[in-house]
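Visitor: Could you look at this predicted model? Sequence included:
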Amino acid sequence: MAEDEVVRDFKKQLSRGSSHLGRLAVLATEAAGSQPLRSTSFPDLRGELLFPELGRAGDIAQPGGFRREHILRLAPNPAAEQPLLSTLLDPRLLRYFSKTELESETSTVLEPPGASDLSTVLVILKSTVGGTLIIIPGAFSTTGLLLAPLVLLFVGGVEIYCMVLLVKCVRSLGRGSYGEIAHRSIGAAGMWAVDLSILLSQIGFVCSEMLYVAKNCAGAISAYGVESPWFSETSILLLQLLVAIPMSWIQKLKYFQVSNIIANTTVLLALAILLGYSFSGLVTEGPGVGLQSVGPDWMIFAGNVVFSFECINFVIPMYDAHEKKETFAPILAYTLLAVCALFIIFGGVNYAFYGIETRPFVTLNLPSNSRVGKIIPFAFALASLFNVPLFLFPAAIYLESQFFNGPASCARTWKINGMRTILILICTFIAFLGKDKIGAFIAFIGSFCCVPLAFIFPVICHAKICQPSRQMLAVNGAVLLLGLVLFVYTSFSAIKELSKIG
């Protein structure tokens, strides 16, 4: 049975009232001097109208009110029919920081009210299905055709479990960002740790995208028979700065919409072509040689999985924006399980076809003399190049809020541009250090930057806020132990692999 509109009116007023309670308290204290402000226990239902054409909840008692309420109930819900324009930007931008106040247009993009089930599913898919898939077949080749799917399902399943724990924390508190939840459960150090982890993970995503550009572009140019030091991987890392730096100066999200649509469409089409090409080859030519069931680098692969499924930061904004709160957790879990299945299919089919010859970037396994071998790597390089300034945006916004507060001015704008340029250069240098060991590099980002967000913090917050039973505490303790192992041992393994020469 649909929830009563009067109850929904009350709930939305309650949530909106609580989100601005601190700001209202400050304003009222300033207006009243030292006079204390009486706390607000209930929202003022005489305030904002939920449905202007109906009126307030109390208006139903007026003549004709029930008839108007009945007509409204039968009418399409505009919130449930949220246009998908708000999902055009990459959902990684939903990783906002608790202390950051973005522009009004940014907030509108990031937190669309009343998102439907379909909108939520699409944003989840876009957050996890992307360019990272091209390194999964190479990770299968070092982990094993049998072991890799098991690791992927296990690590992905634990991540989904931790996301559900975070949703339970939000339900217990009513609302709050990831950092605010950590502050309530751990203190100021918890908020600082969450913000730092998000910042580091965003920097890691930028570095990985820059490597995707260099690797794919160098491979595509080599497919054309061009051999020149100007088009080496290092040179392309530097050449992409000519585009990445000016685009990083963009300070309004709406200007990324066109480039992000191009990037998303290009990646999806290229992934479909890659999977179709390998599947058809597997059917006609049979499996490749040198397939192994169990490989030695399963811990490195675990870090890759954490990196690929690192979407816990957008769970809270999406939950806040979701129209039917009770359906959010099942949608999240089932959609991510479907993503796990897609990763297994994509990685398994490509590795089964190419066998021991599977390269770290499966785009480079395409025949160099074929049309797809010359186009697909370039397509991925273009999509990744567009993602570089977009993935940098949340980290830049956060740092700017910490160091460049003040009124808008030309000097402030150029200080911001200078800081973003420095961030891009730092990412370029980090990408250069990891370019020869891409699998270990991605695993380090996943284990060191993403594991605390995905495994450690949700368990601690849930234990502090929700007061779980002993059985759940035991399960959460096992998850916490797994997170610590991944954080320490996998990070160490990745660093050890990165330090190898050759």
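Guide: That came through, no problem. Residues are numbered from 1 along each chain as shown.
Visitor: okay, and for the stretch 101-250 of the chain, where does confidence drop off?
Guide: Along the stretch 101-250 of the chain, segments meeting pLDDT under 70 span 101-115.
Visitor: Looking at per-residue confidence, what score does residue 307 get?
Guide: Looking at residue 307, its pLDDT reads 88.
Visitor: just residue 475 next, same as before
Guide: We have a pLDDT of 93 for residue 475.
Visitor: Please renumber the chain so that the first residue is 109 from this point on.
Guide: Sure, I'll start counting at 109 from here, so that last one is residue 583.
Visitor: I'd like to know how many residues surround it.
Guide: Neighbourhood size, residue 583 [other Cβ atoms under 10 Å]: 15. To be clear about C-beta, it is placed using only N, CA and C from the backbone, and glycine gets the same treatment.
Visitor: do the same with residue 311
Guide: Per other Cβ under 10 Å, the neighbour tally for residue 311 reads 19.
Visitor: Helix or strand: which one has it?
Guide: Residue 311 belongs to helix 296-331 when elements are defined using DSSP states H and E.
Visitor: If you count neighbours, what's buried in that helix?
Guide: 298-303, 305-329, 331 (16 or more other Cβ atoms under 10 Å).
Visitor: Can you give the distance of the next helix or strand after that helix from its chain's centre?
Guide: The helix or strand immediately downstream of helix 296-331 is helix 341-347, counting by DSSP H and E. Put simply, helix 341-347 sits 27 Å off its chain's centre (Cα atoms, centre = their mean, to the nearest Å).
Visitor: Tell me which residues touch residue 455, please.
Guide: Residue 455 makes contact with 241, 244-245, 247-248, 256-257, 260 under the criterion Cβ atoms under 8 Å, 6 or more residues apart in numbering.
Visitor: returning to that earlier point: which helices and strands does the helix holding residue 311 pack with?
Guide: If you count contacts as 3 or more Cβ pairs under 8 Å, 6 or more residues apart in numbering; DSSP states H and E, helix 296-331 packs onto helix 286-294, helix 341-347, helix 479-511, helix 518-542, helix 546-552, helix 565-573.
Visitor: Show me what counts as buried in the second one.
Guide: Across helix 341-347, burial judged by 16+ other Cβ under 10 Å covers 341, 344-345.
Visitor: Could you do the third one as well?
Guide: Neighbour counts over helix 479-511 (16+ other Cβ under 10 Å) mark 480-482, 484-508 as buried.
Visitor: Same check on stretch 453-464?
Guide: For stretch 453-464, using 16+ other Cβ under 10 Å, the buried residues are 454-462.
Visitor: With only the CA atoms kept, save that stretch in CSV.
Guide: Once non-C-alpha atoms are left out, stretch 453-464 reads as follows in CSV (Å, rounded to 0.1, in the frame of the first residue of the first chain):
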residue,chain,number,x,y,z
ILE,A,453,32.0,-12.7,-17.5
PHE,A,454,34.1,-10.0,-19.0
GLY,A,455,37.3,-11.0,-17.3
GLY,A,456,36.7,-14.8,-17.8
VAL,A,457,35.8,-14.6,-21.5
ASN,A,458,38.7,-12.4,-22.4
TYR,A,459,41.2,-14.4,-20.4
ALA,A,460,39.9,-17.7,-21.7
PHE,A,461,40.3,-16.4,-25.3
TYR,A,462,43.7,-14.8,-25.1
GLY,A,463,45.2,-17.2,-22.5
ILE,A,464,48.8,-16.6,-21.5
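Visitor: Need phi/psi at residue 398.
Guide: Phi and psi for residue 398, reported as degrees, to the nearest 10, are phi 80, psi 20.
Visitor: Look at it and report its pLDDT.
Guide: Residue 398 is assigned a pLDDT of 89 by the prediction.
Visitor: Surely it touches residue 463?
Guide: Yes. Using Cβ atoms under 8 Å, residue 398 is in contact with residue 463, at 4.8 Å.
Visitor: count of neighbours near the closest residue to residue 490 other than its chain neighbours?
Guide: Distances taken as Cβ to Cβ, 6 or more residues apart in numbering put residue 374 closest to residue 490, at 6.3 Å, once the chain neighbours are dropped. Neighbour count for residue 374, taken as other Cβ under 10 Å: 20.
Visitor: what's near enough to touch residue 249?
Guide: 400, 403, 459, 462-464, 466 are the contacts of residue 249 under Cβ under 8 Å, 6+ apart.
Visitor: Next step: those restricted to helices.
Guide: 459, 462 (DSSP state H).
Visitor: and which of the contacts of residue 249 is nearest to residue 576?
Guide: The nearest member of the contacts of residue 249 to residue 576, counting by Cβ to Cβ, is residue 403 at 36.6 Å.
Visitor: OK, contacts around the closest one?
Guide: With Cβ under 8 Å, 6+ apart, residue 403 has these contacts: 249-252, 255-256.
Visitor: Can you give me the distance of residue 473 to residue 381?
Guide: According to Cβ to Cβ, to the nearest Å, residue 473 stands 13 Å off from residue 381.
Visitor: who's more crowded, the two?
Guide: Neighbours were counted for residue 473 and for residue 381 using other Cβ under 10 Å; residue 473 has more, 24 against 16.
Visitor: Pull the most distant pair out of the contacts of residue 455.
Guide: Greatest spatial distance in these: 241 and 257, 14.6 Å, computed using Cβ to Cβ.
Visitor: Settle it for me: which of the two has more neighbours?
Guide: Neighbours per residue, other Cβ under 10 Å: of residue 241 and residue 257, the larger number sits with residue 241, 22 against 19.
Visitor: Surely that one touches residue 378?
Guide: No. Judged on Cβ under 8 Å, residue 241 makes no contact with residue 378 at a distance of 9.6 Å.
Visitor: how deep is the nearest residue to residue 594 once chain neighbours are set aside tucked in, by neighbour count?
Guide: Nearest non-adjacent residue to residue 594, counting by Cβ to Cβ, 6+ apart: residue 559, 4.8 Å away. Residues near residue 559, counting by other Cβ under 10 Å, number 29.
Visitor: Isn't residue 559 up against residue 417?
Guide: No. Counting by Cβ under 8 Å, residue 417 is not a contact partner of residue 559; they are 11.2 Å apart.
Visitor: Now do the same contact list for the residue nearest to residue 490.
Guide: Residue 374 sits next to 487-488, 490-491 when contact means Cβ under 8 Å, 6+ apart.
Visitor: switch the cut-off to 10 Å
Guide: Shown in contact with residue 374 (Cβ atoms under 10 Å, 6 or more residues apart in numbering): 239, 484, 486-492, 494.
Visitor: just residue 359 next, same as before
Guide: By Cβ under 10 Å, 6+ apart, the neighbours of residue 359 are 211, 214, 501, 504-505, 508, 516, 521, 524-525, 528.
Visitor: Dump the residues you listed into a markdown table; add distance to residue 283 as well.
Guide: Converted to a markdown table, those look like this (distance: Cβ to Cβ, whole Å):
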| residue | distance to residue 283 |
| --- | --- |
| 211 | 21 |
| 214 | 19 |
| 501 | 24 |
| 504 | 26 |
| 505 | 21 |
| 508 | 25 |
| 516 | 30 |
| 521 | 33 |
| 524 | 30 |
| 525 | 34 |
| 528 | 31 |
